[in-house]
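here is my input, please return the structure:
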Amino acid sequence: EVQLVESGGGLVQAGGSQRLSCAASGFTFDDYAIGWFRQAPGKEREGVSCISSSDGSTYYADSVKGRFTISSDNAKNTVYLQMNSLKPEDTAVYYCAAASLCLYEYDYWGQGTQVTVSS
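Reported below is the predicted structural model:
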């Protein structure tokens, strides 16, 4: 069974940091890219970042460049999203998802974790 399980969400003050984790199982981790998405109330889902498990290539949305860092621990089948200098507009449900390549259609999705940034 394919599973993507996010963790690490919660409440943080503006300017603070938080690290999200995405633990993957049920598929060959090295063959997939893992992306992070977010969706705020009343807004469309937004791609935040992505990492290719095979070569470590990374991509970031302009809105998070310089503040967020994505990384992968292939031994643990886990991808992390380190979020620094958080802003209230970063408040959203964050999802991780798996695709064959970062810019391809995503096949598997996690259940999401809430991140709330207070001002």
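
can you report phi and psi for the closest residue to Tyr104 other than its chain neighbours?
Nearest residue to Tyr104 in three dimensions, chain neighbours excluded: Ala33, at 7.7 Å (CB to CB, 6 or more residues apart in numbering). To be clear about C-beta, it is placed using only N, CA and C from the backbone, and glycine gets the same treatment. Main-chain torsions, Ala33, degrees, to the nearest 10: phi -100, psi 150.

who's Ala33 bridged to?
On the basis of DSSP bridges, Ala33 is bridged to Ser52, Ala99.

same thing with Ile70?
Beta bridges link Ile70 to Leu81, judged by DSSP bridges.

assign a three-state SS to the residue nearest in space to the middle of the chain, would you?
Geometric centre of the chain, nearest residue: Trp36, 2.7 Å, by CA atoms, centre = their mean. Applying DSSP: H, G, I helix; E, B strand; the rest coil to Trp36 yields a three-state assignment of strand.

what's the distance between it and Val2?
Separation of Trp36 from Val2 (CB to CB, to the nearest Å): 17 Å.

and Ser57, by the same measure?
22 Å.

is the residue lying closest to Arg38 once chain neighbours are set aside bridged to anything, and to what?
Nearest residue to Arg38 in three dimensions, chain neighbours excluded: Ala92, at 3.7 Å (CB to CB, 6+ apart). With DSSP bridges as the criterion, Ala92 is bridged to Val115.
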